[in-house]
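In: everything below, folded, please.
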Amino acid sequence: MLGFRSLGRLVIRRDRRAAVKRWGAAVVALAVSVCGLVPAYGGGRADGVAEVTGFGSNPGNLRMFRYVPPGVGPGRPLVVALHGCTQSAAAFDDEPGWIELARRLQFVLVLPQQQSANNFSFCFNWFQTADSTRGAGEPLSIKQMVDRARTDAGSDPAKVFVTGLSAGGAMAAIMAATYPDVFAGAAVVAGLPYRCATTLVQAYGCQNPGTDLSPRQWGDKVRAASQHRGPWPTLSVWHGTADTTVAYRNLTELAEQWTDVHGADQTADGVGTVNGYPHHTYRDQSGRAVVETWSITDMRHGQPIDPGAGPDNCGQPAPYILDVDVCAAGHIATFWGLSSEH
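Out: Residues are numbered from 1 along each chain as shown. Next up, the predicted model:
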């Protein structure tokens, strides 16, 4: 478990110290014992991953790491990958397969990292209003990272994408909603819809059992997040059916939110299986695939990988990086239209 259930209790940004005092040390101890909490680590990064400083005002107080594959030229895509609770940039570069794919497909990879000064569990603060609003907090910090990386590498501004796991998945949904003019596509793995929660109490219910709103109600939250009126980022949604940390129901709510934003209905236009796992595709009125969902049968909380040397393989098993014979990162990249030639 990623410490996700207790993330709200563990926010310790300096301007929130009163909340920490309220919950007290006993809550922290409970979170450590119940959630298997371990510190995010700074070592073990893949070769070539480097920290970048001075990328902006950084109101969210995040750290920026970046990987630029050897030989990558201007005009290539850029992918932002957001780790889950108790993880770090180091745990989310090569383990899910993103470094491997960056080399193969020649895109720049940005790896934001949470700090314990913001959240004791190293969760992105998706449940805080200030950290789910355009032009503020963690979303603005991540947007500033994108701007810096694009400038340095000459990346194609029309090919910027964001993905994340767990709390990182929730933040990926926030980035797609608050900066739809920046991101062409997003992927949420074991995450939650945009603005599912804006308080600590709401966050618990959103995670499990989940919150049931109509597609229009969900879509209205995205439309209210910016002045943007389209085109909207496409969305790939992945969730394990046995996930008890973030309920599987959130896959449906995310799909409803973004099909409504795209003006698509909630009936899948394509239904099939890949490696035995149900895969649904939703198309807009022009026939373009705008939302896809992957239901990973019997998988618990984590990111799917399929280790190996083949072109369809990726990843290295680790906590919450689960070998289920399907490479989520590779399929996400395909959905986004990434390739080494274009």
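In: going forward, measure contacts between C-alpha atoms and count neighbours the same way
Out: Fine.
In: so, low pLDDT: which residues of the stretch 201-342 of the chain?
Out: 340-342 (pLDDT under 70).
In: ranges for the helices of it?
Out: Secondary structure of the stretch 201-342 of the chain (DSSP state H, counting those that start in this stretch): helices located at 215-223, 249-261, 328-336.
In: which elements pack onto the second one?
Out: It stands for helix 249-261. When contacts are defined as 3 or more Cα pairs under 8 Å, 6 or more residues apart in numbering; DSSP states H and E, helix 249-261 sits against helix 215-223, strand 234-240, strand 289-296.
In: for the helices of the stretch 201-342 of the chain, which one sits closest to H279?
Out: In terms of Cα to Cα, the element of these nearest to H279 is helix 328-336, at 11.0 Å.
In: can you list the buried residues in that closest one?
Out: A328, A329, G330, I332, A333, F335, W336 (16 or more other Cα atoms under 10 Å).
In: what does stretch 236-250 give?
Out: 236-243, 245-250.
In: between those, which is nearest A102?
Out: Among the buried residues of stretch 236-250, and counting by Cα to Cα, the member closest to A102 is S236, at 18.3 Å.
In: low-scoring stretches of the stretch 1-150 of the chain, by residue?
Out: Ranges of the stretch 1-150 of the chain meeting pLDDT under 70: 1-46.
In: all strands of it, in order?
Out: 49-52, 63-67, 78-82, 108-113 (DSSP state E, counting those that start in this stretch).
In: now do the third one: everything it contacts.
Out: Contacts of strand 78-82 with the rest of the structure, by Cα atoms under 8 Å, 6 or more residues apart in numbering, involve 89, 92-93, 98, 107-113, 146, 150, 155-156, 159-165, 168-169, 171-172.
In: how distant is it from the center of its chain?
Out: 8 Å (Cα atoms, centre = their mean, to the nearest Å).
In: between it and strand 63-67, how big is the angle?
Out: Going by axes from the mean of the first three to the mean of the last three Cα atoms, to 10 degrees, strand 78-82 is angled at 130 degrees with respect to strand 63-67.
In: strand 78-82 pairs with which strands?
Out: In the sheet, strand 78-82 lines up against strand 108-113 (parallel), strand 160-165 (parallel) (DSSP bridges).
In: one more: the second one?
Out: Looking at strand 63-67 with DSSP bridges, its partner strands are strand 49-52 (antiparallel), strand 108-113 (antiparallel).
In: most tightly packed of those?
Out: Most buried of the strands paired with strand 63-67, by mean neighbour count (mean count of other Cα atoms under 10 Å): strand 108-113, with a mean of 27.
In: quick one: residues in contact with that one.
Out: Contacts of strand 108-113 (Cα under 8 Å, 6+ apart): 62-69, 72, 76-83, 88-89, 92-93, 98-99, 102, 142, 145-146, 149, 153, 155.
In: and H262, what are its phi and psi?
Out: phi -80, psi 0 (degrees, to the nearest 10).
In: mind starting the numbering at 14 from now?
Out: Sure, I'll start counting at 14 from here, so that last one is H275.
In: residues contacting it?
Out: Each residue near H275 by Cα under 8 Å, 6+ apart is listed here: W245, D297, V303.
In: right, and the second one touches A277 too?
Out: Read that as D297. Yes: between D297 and A277 there is a contact under Cα atoms under 8 Å: 4.7 Å.
In: name the residue in those two with the higher neighbour count.
Out: The neighbour comparison of D297 against A277 (other Cα atoms under 10 Å) goes to A277, with 21 against 17.
In: measure the more buried one to N221 for me?
Out: If you measure A277 against N221 using Cα to Cα, to the nearest Å, the figure is 27 Å.
In: next one: T142
Out: Taking Cα to Cα, one finds T142 at 20 Å from N221.
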